[in-house]
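Visitor: Got a predicted model here, sequence first, then my questions.
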Amino acid sequence: GQQVMQIPQYQHVQEGEDFTTYCNSSTTLSNIQWYKQRPGGHPVFLIQLVKSGEVKKQKRLTFQFGEAKKNSSLHITATQTTDVGTYFCAGHGFSGGYNKLIFGAGTRLAVHP
Amino acid sequence: ETGVTQTPRHLVMGMTNKKSLKCEQHLGHNAMYWYKQSAKKPLELMFVYSLEERVENNSVPSRFSPECPNSSHLFLHLHTLQPEDSALYLCASSPHLITGVEQYFGPGTRLTVT
């Protein structure tokens, strides 16, 4: 079945350093979404990318969707302690008769002050 | 955020108990979902409902039984669970099932099966 792989599983950074998480799908995706889950919290939607090669920015966060629509990345510039949490990518693929959101395992980010 | 609420927030149950998890969404959405989140594993989609009709049963054991009496409420009935069923159970909703819409998650129920 369709799979979405995400790396790394876990990353430590010092506050102020940059951070990147990568997402790869086994199949072409119609779109990709990113969610953030704070420790003890629940996933919260960040953004959606739809077009091939699309790049979107939210303050210090930059999201990219690959040209083949099979991979994506999230880059955080100059991390802050408020960035701590797990970042999930989720791709929409067609499965079982409807468009299903398939989540990656997430990258857990720890930021040390 | 109070768009999607879940009760209880924590639940400890024995393997022979029967309990139910409740989810309510106040967003006017037509689609609702149950996910299981275990440590170090991707979110596992369990069930999907659209306008109160089940559209997905993702090979979930029969000891989990969903119920969607209306588009605002979703239940997960639990019986004779196993310790490996201990996890965070998340409910989510979206405006509809068509691709390209975000999902709104509730705070989850932390379930421990003893």
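Guide: Received, thanks.

Visitor: do you know how far residue A:82 is from chain B?
Guide: 17 Å (C-beta to the nearest C-beta, to the nearest Å). Every residue, glycine included, has its C-beta placed from N, CA and C.

Visitor: Surely that residue is in a strand?
Guide: No - under DSSP: H, G, I helix; E, B strand; the rest coil, residue A:82 falls outside any strand and is assigned helix.

Visitor: What count of nearby residues applies to it?
Guide: 8 (other C-beta atoms under 10 Å in any protein chain shown).

Visitor: Kindly state the pLDDT recorded for it?
Guide: Note for residue A:82: predicted pLDDT of 97.

Visitor: For it, give its distance to residue A:109.
Guide: Distance from residue A:82 to residue A:109, counting by C-beta to C-beta, to the nearest Å: 11 Å.

Visitor: got it, and residue B:22?
Guide: For residue B:22, the distance to residue A:109 equals 32 Å [C-beta to C-beta].

Visitor: Show me which of the two is the more surrounded one.
Guide: residue A:109 (21 against 16).

Visitor: On the three-state scheme, the residue positioned nearest the centre of chain B is what?
Guide: Geometric centre of chain B, nearest residue: residue B:34, 2.9 Å, by C-alpha atoms, centre = their mean. Look at residue B:34: counting by three-state DSSP, its state is strand.

Visitor: Isn't it up against residue B:43?
Guide: No - with contact defined as C-beta atoms under 8 Å, residue B:34 does not count as touching residue B:43 (10.6 Å).

Visitor: So which bits of the lowest-mean-pLDDT helix or strand in chain B are buried?
Guide: Ranked by mean pLDDT, DSSP states H and E, the weakest helix or strand in chain B is strand B:53-57, scoring a mean of 81. Neighbour counts using 16 or more other C-beta atoms under 10 Å in any protein chain shown place residue B:56 of strand B:53-57 among the buried residues.
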